[in-house]
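**Q** Sequence and predicted structure, then a few things I'm wondering about:
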Amino acid sequence: MERTRYTISEARAALGGIDAKTILDWIEKATPKIVPTIDKRDQRRKFISAADLGRLADEHERQLAPLDDAPRTMAAALAVIARQTETIAALQARVTALEARPTLTAPHYAAQTDETMKDTNYPAQSHVGAAVARRFSPSPSVSYALPDGMIAVERFAHQQGVPVQTLRNAIEDGRLTETHGEWKVQRATVRHAFTWEQQRQAVITYRSHARWSPCDQPDCPCHASAADA
């Protein structure tokens, strides 16, 4: 027996498993207007006629699924929704886990100016001992303090009155070396530092720089005499 009407859920399935919002929008905008009928036994159920369903299919270029295939189409659509829900839940769990991890992101020191360095609070470093390392050496594990005798390159530049970019240029062309690593200093991550020996070489190189000035750390090589340096 040929069907004369379809529930909204059946119509959605027959139209390829479209969602409820879409079919209600199609019904609302149909011309001439489609007025669903209400089930007298259950007013929550609404029907549209087979003719109206065919008209919706034509207007939106949909191939109507046979009646026997409609339940399977709906089941397939629900299965897709279930898989998407699981995927979203998994992604949300990953985001939550990532947000809970500590952040070790360092500011871009090379882009900082002398003025921004004045607002950066670093703990005073004691300049004793020496550990020479070549530039671009493998990074050690993250440590939460610079080793004794080491100081961040940017901090050294600020203390001595030498522009950071001037030091960076000297390192790039091989006149100076720096030590690469990863150290937590307060809330910043330091990846470029000078050992005591590397500081001494920088002092020798830039002692005559117009903006050079000794720092307030008495054991820094900048306080040594020119002969001692």
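**A** Yep, that arrived. Numbering: from 1, shown residues only.
**Q** And the next helix or strand past the lowest-mean-pLDDT helix or strand in the chain?
**A** Sorting the helices and strands of the chain by mean pLDDT, DSSP states H and E puts helix 114-118 at the bottom, at a mean of 49. Using DSSP states H and E, the next helix or strand after helix 114-118 towards the C-terminus is strand 151-152.
**Q** ok now that next one, how far from the chain's centre?
**A** In terms of Cα atoms, centre = their mean, to the nearest Å, the centre of strand 151-152 is found 28 Å from the chain centre.
**Q** And for stretch 208-218?
**A** Worked out by Cα atoms, centre = their mean, stretch 208-218 lies 40 Å from the chain centre.
**Q** What mean pLDDT does it get?
**A** Stretch 208-218 shows an average pLDDT of 74 in the prediction.
**Q** What residues sit buried inside that stretch?
**A** Under the neighbour-count criterion of 16 or more other Cβ atoms under 10 Å, stretch 208-218 has 214-215 buried. Every C-beta, even on glycine, is put in place using the N, C-alpha and C of the backbone.
**Q** Output that stretch as PDB, nothing but the C-alphas.
**A** Output in PDB follows, covering the C-alpha atoms of stretch 208-218 (Å, rounded to 0.1, in the frame of the first residue of the first chain):
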ATOM      1  CA  SER A 208      85.800  50.500  23.900                       C
ATOM      2  CA  HIS A 209      82.300  50.700  22.600                       C
ATOM      3  CA  ALA A 210      80.800  54.100  23.100                       C
ATOM      4  CA  ARG A 211      77.900  52.900  25.200                       C
ATOM      5  CA  TRP A 212      79.900  50.300  27.200                       C
ATOM      6  CA  SER A 213      79.800  50.600  31.000                       C
ATOM      7  CA  PRO A 214      80.800  48.300  33.800                       C
ATOM      8  CA  CYS A 215      78.000  46.500  35.700                       C
ATOM      9  CA  ASP A 216      77.400  46.400  39.500                       C
ATOM     10  CA  GLN A 217      78.600  42.800  39.900                       C
ATOM     11  CA  PRO A 218      82.100  42.900  41.400                       C
END
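**Q** tell me the domain boundaries of the chain?
**A** For the chain, automatic domain parsing gives the domain ranges 5-100, 109-223.
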